[in-house]
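Visitor: okay, here's the prediction I keep looking at, along with the sequence it came from:
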Amino acid sequence: MENDAPVGRRERKKAATRTAILEAATSLFLERGFDAVTVREIADKADVTPKTVFAHFPRKEALVFSTENEQQDRLVAAVRDRAPHTTVSEALKAHYLAEIALLQAEPMSRIMALMEDTPSLIEYAERMWLRHEDALIAVLTEEFGLAEPSAEIRFYARFALQIPLMARQADPESAIEVGFGLLDQGWARYGSAQR
């Protein structure tokens, strides 16, 4: 048991440092804008070195999107833990709408406004979100009992992850409905209706 105590303290200190960096960064970003704040200023406010900031966050943009792992866990859980007789698309629709609602509530709405004003943050957020593709493919592959993902699973995951990115530029509920309608029913049905 004695061996566990130092590790516990070290982990608590690491978590406290990470929290201090995030709080300093968020405060400065909201006060002055993302581009106007340097990593050195964040480090000074958090009472750490810039090297420590980068030890916790590989890029300045990562300070705005610090919950990437939790976001991926929620995405996977939405599929894996969905109610019986709920399709994957239905589960993802509900999940996306819940995530959008979280982003529209305080304090995230202020972070989203900051992001919308900063092109580099939009680009980073989109790349970050699409990195969840492998996790979505893995949970779908497991669900279907396959040793390797099929081409259909790969396409589905790629397209499904694009839907919330498109939804943020429009009425989210309608855009998500349209996106999954096309994904589930296929382009052929839409194309034949347009002739």
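Guide: That came in fine, so what should we check first?

Visitor: could you use CA atoms for every contact and neighbour count after this?
Guide: Will do.

Visitor: got phi/psi on residue 86?
Guide: For residue 86, the backbone dihedrals (degrees, to the nearest 10) come out as phi -100, psi 130.

Visitor: tell me how far stretch 19-28 lies from the chain's centre.
Guide: Put simply, stretch 19-28 sits 19 Å off its chain's centre (Cα atoms, centre = their mean, to the nearest Å).

Visitor: may I ask you to name the longest helix in this structure?
Guide: Counting residues, the longest helix in the chain under DSSP state H turns out to be helix 4-32.

Visitor: elements contacting that one?
Guide: Judged by 3 or more Cα pairs under 8 Å, 6 or more residues apart in numbering; DSSP states H and E, the packing partners of helix 4-32 are helix 39-46, helix 108-116.

Visitor: can we see that at 10 Å?
Guide: helix 39-46, helix 50-56, helix 108-116 (3 or more Cα pairs under 10 Å, 6 or more residues apart in numbering; DSSP states H and E).

Visitor: please convert the ones you listed to a markdown table, extending it with mean pLDDT and distance to residue 176.
Guide: Formatted as a markdown table, these follow (pLDDT from 0 to 100; distance: least, Cα to Cα, whole Å):
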| stretch | mean pLDDT | distance to residue 176 |
| --- | --- | --- |
| helix 39-46 | 96 | 36 |
| helix 50-56 | 95 | 34 |
| helix 108-116 | 83 | 19 |
